[in-house]
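Engineer: compute the structure for the input listed below.
(chains A and B)
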Amino acid sequence: MIDSTMDTNVSIMIAGVGGQGILLAGDVLARIALHSDLDVKKSEVRGLSRRFGSVWCQVHMGRRIESPIGGLDSIDYLLGFETGEALRYLPYLKDGGTALVNRLEIGKSVDDLAPRHSELFGDTDCIWLDGSDEVANAGCSRNLNVFMLGAFSQLLHFGHSAWQEVLSELGDRRSRMANLRMFEMGTAAFDDANRRPVKPK
Amino acid sequence: MQRPLLLSGNQAVARGAYESGVRFATGYPGTPSTEVVESLSTYANVHATWSVNEKVAMESALGAALAGARSIVAMKHVGLNVAADPLFSASYTGIRAGFVIVVGDDPSANSSQNEQDSRHYARAAKLPFLEPADSQEAKDFVIAAFALSERFDTPVIIRLTTRVCHSQCRVSLGSEIHPHNDQGPFVPDFDKYVLLPRQAVGRHIAIEKRQEELAAYSDDTDLNREEFRDTSLGIITSGVCYSHVREAFPDASVFKLGQPYPLPQKRMSAFADKVDRVLVVEELDGFLESEIAAAGIAVDGKRWVPRVGELTPQRLRSSFDAGAPQPIETGDPSITPRAPRICAGCQYLGIYTVISKLNLTVCGDIGCYTLGAFSPWNGIDTVLCMGASISMAAGMEKVGRTNGDQNNVLAVIGDGTFLHSGVPALMDLVYNQGRTTVLILDNATTAMTGLQGHPGNGEGLQGGKTKQVDLEKLCEAIGIEWVEVVDPYDMDATESTLREAIAYPGPSVVISRAPCLLLEKRAPIRQAHVDAAACTGCGDCFSVGCIAVEKYQTNGSFVADINHDLCVGCGLCVQSCPEGAIAPRLLTDDPDLVELSLS
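Structural biologist: Numbers count the residues shown, from 1 in each chain, chains lettered A, B, ... in the order given. Next up is the predicted model:
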């Protein structure tokens, strides 16, 4: 758990597929750091219309941040919105870092990774979430990013009201309602996943 | 006090220009620099435009500066090549009101055709450049650049890299009450602004003197800063590399160059004297290293600092520890790469499906349609630079065609790229009696960089419809006698028109016309559906390359399946199915969807 005083800097990498709301999730993280009077730098891949391509975004927050980008073996938290992309960027996660991974494989055809998930992620401290299923069942397929943030919020020490304030700055009234619901759902899913032994589906 | 804002480097440059009282801003869109002009277009009292290309942009902005208004022009690194001609001579004319040139380099070539280092232009054109390390500096340095420009009568380059352009950092804003810096209307000065040979030599003398003054200023300015810590290691660096150095070598002394060119030689020598060992850390070329070495200071740098690809604190440190450049950091290479894809239902899907049948050499160009080079179409054989498709195809065709052979070279170029620099190439094709076929993909926007306007769609940056170039008339006026417009969603008709154009014994132009789907953002009124019983799993529909057409596995074999979150109902997969197993259905509120016939 990261203390809100943030004596040490925290780096977060979000990885997924273009269109999953990765950059927006990064914006939320950057804003909550800004609202908490922390230094923050956010960095991302952009351009060449990254639709359905591999997309990542990094957010670095703390008392004072120098570089906006972390290289291999340097990231504290990896949020994988898609399992394959989480695996792709796993080398960026440092020893002792934590991964939150959404069980979803986009574009899988022959190779079904699911049975080998735990093997592929090796010794990584990995928290598995059924985010795509949960948001789809709730009729909010587009809000996976907020669901994942809700889950991740349990690992940071920003207050609930701080998250609400930032989330309420996004979108129109209707999407705000959905965002808040999916955020709560992600929070609950994290607690649930954390209680169960880590085991692939 | 106002809470700091999160701004990207590009937005911060725009803010700095606004606080400097800029009145004219222009450029040409290109990642990573696009948002500089876009952001400036939202400020009051700034006249912001997209120019047709970077050369035109540079010249317009210089014109505005000579006419007395602070001006800024922005482009990506390869755009500066297009604008190199006015760049070198603008150094000679100097300015009246401040003139700042923003260039975005792209280490790792995230969205570019090369990894060129634009700092060489500053030295070649004898211009000072400033290099901010983050968004706060991006804003502050633009303000400093305007002051520098006016003090030394020179254009000033702000050199950015993708990481600075697109990283968001905290920025404390300055005064919104921007000063009035207008220098009054243009005043003729024959020896300065009319670069005839005798005047040019006179100006060259003045420019060499300016170089000396700028070097002296560099020794004076607080844009350059020494930070002494442990003196066993001293690192000279600039731009975003400064932040990497601070993480990778937190205890080292650092000379941070805000104005790296001309170099602050005296201070640099003094810095080198105070530390045991001097390293130079810079991305791409050893520009600083060669400048510093030429000043007689012993340095170490590119022996181990990578020349290829972007740096991070970790890559910098591991290269230092290994004493040799370490490879670009990427994700796990064993995970199948996921390239960006052409949008579901885009006209290019149909175009490349047709092109891949024609067995031609295809010279491609720069835009979303460059993605046609990928599987399943493999539809492009060359990509060089903006506008090169037509000229390269013309050259290939000149030497490749033997007597009586049919032309077998096709140039493929988008509407925006055609207007940027394809038009002179088309003129050349006619003038030199080529017979290449040119396929212009007219989607009525600059799609890849984010739907900017251009003269072909007549959308002004700050709103308002302007004149629209008529592509057919333009081609005819140039002297193309065979011009046809096709509907790219009808693949059979497109194919027969293209075959006709290629057979035509003269230069020909086919215009594929359909607006970019992102312009309309309409919900689909129909979508494709697969009759699983009729699908034989032949895979022909995958040759269209649409991301909405997926494989559905059934016991060892598969059938096609349509992803209805993505399908826009373009009908291209319907045309590709030899079994008639895919049909479009109208989307209605009625749960029993209505079957439609294709015609």
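
Engineer: contacts and neighbour counts: CA atoms only from here.
Structural biologist: OK.

Engineer: now residue A:193: how far from residue A:126?
Structural biologist: Distance of residue A:193 to residue A:126, computed by Cα to Cα, to the nearest Å: 10 Å.

Engineer: and what of residue B:397?
Structural biologist: Distance of residue B:397 to residue A:126, given as Cα to Cα: 57 Å.

Engineer: give me the more crowded residue out of residue A:193 and residue A:126.
Structural biologist: Regarding residue A:193 and residue A:126, a neighbour count based on other Cα atoms under 10 Å in any protein chain shown identifies residue A:126 as having more, with 19 against 16.

Engineer: which SS state does that one fall under?
Structural biologist: Using DSSP: H, G, I helix; E, B strand; the rest coil, the structure places residue A:126 in strand.

Engineer: burial count for the nearest residue to it once chain neighbours are set aside?
Structural biologist: Spatial nearest neighbour of residue A:126, excluding adjacent residues (Cα to Cα, 6 or more residues apart in numbering or on different chains): residue A:99 at 4.7 Å. Here the number of neighbours of residue A:99 (other Cα under 10 Å) works out to 26.

Engineer: for residue A:99, grab phi and psi.
Structural biologist: The phi/psi pair for residue A:99 (degrees, to the nearest 10) reads phi -110, psi 140.

Engineer: got the contact list for it?
Structural biologist: Contact analysis of residue A:99 by Cα atoms under 8 Å, 6 or more residues apart in numbering or on different chains lists A:77-80, A:93, A:124-127.

Engineer: now the two most distant members of those.
Structural biologist: Farthest-apart pair in these is A:93 and A:127; separation 13.8 Å (Cα to Cα).

Engineer: where is the longest helix in chain A?
Structural biologist: Determined from DSSP state H, the single longest helix within chain A is helix A:173-195.

Engineer: any buried residues in it, and which?
Structural biologist: A:175-176, A:178-190, A:193 (16 or more other Cα atoms under 10 Å in any protein chain shown).

Engineer: where does whichever residue of the stretch 301-450 of chain B sits closest to chain A land on pLDDT?
Structural biologist: Closest to chain A within the stretch 301-450 of chain B is residue B:340: 3.9 Å, counting by Cα to the nearest Cα. With respect to pLDDT, residue B:340 has a value of 81.

Engineer: and the pLDDT at the residue nearest to it when sequence neighbours are not counted?
Structural biologist: Leaving aside its sequence neighbours, residue B:340 sits nearest to residue A:53 (Cα to Cα, 6+ apart; 3.9 Å). pLDDT for residue A:53: 83.

Engineer: could you do residue B:450 as well?
Structural biologist: According to the prediction, residue B:450 has pLDDT 88.

Engineer: same thing with residue B:334?
Structural biologist: Looking at residue B:334, its pLDDT reads 89.

Engineer: now for it: which residues touch it?
Structural biologist: Residue B:334 touches residue A:88, counting by Cα under 8 Å, 6+ apart.

Engineer: and it, that's in a strand?
Structural biologist: No. With three-state DSSP as the criterion, residue B:334 is located in coil rather than a strand.

Engineer: how about it, phi and psi?
Structural biologist: phi -80, psi -10.

Engineer: what's the answer for the one 4 residues further on, then?
Structural biologist: Dihedral angles phi and psi of residue B:338 (degrees, to the nearest 10) take the values phi -120, psi 90.

Engineer: so where's the stretch 401-550 of chain B shaky on pLDDT?
Structural biologist: Residue ranges of the stretch 401-550 of chain B with pLDDT under 70: B:401-406.

Engineer: what's the answer for the stretch 1-150 of chain B, then?
Structural biologist: B:1.
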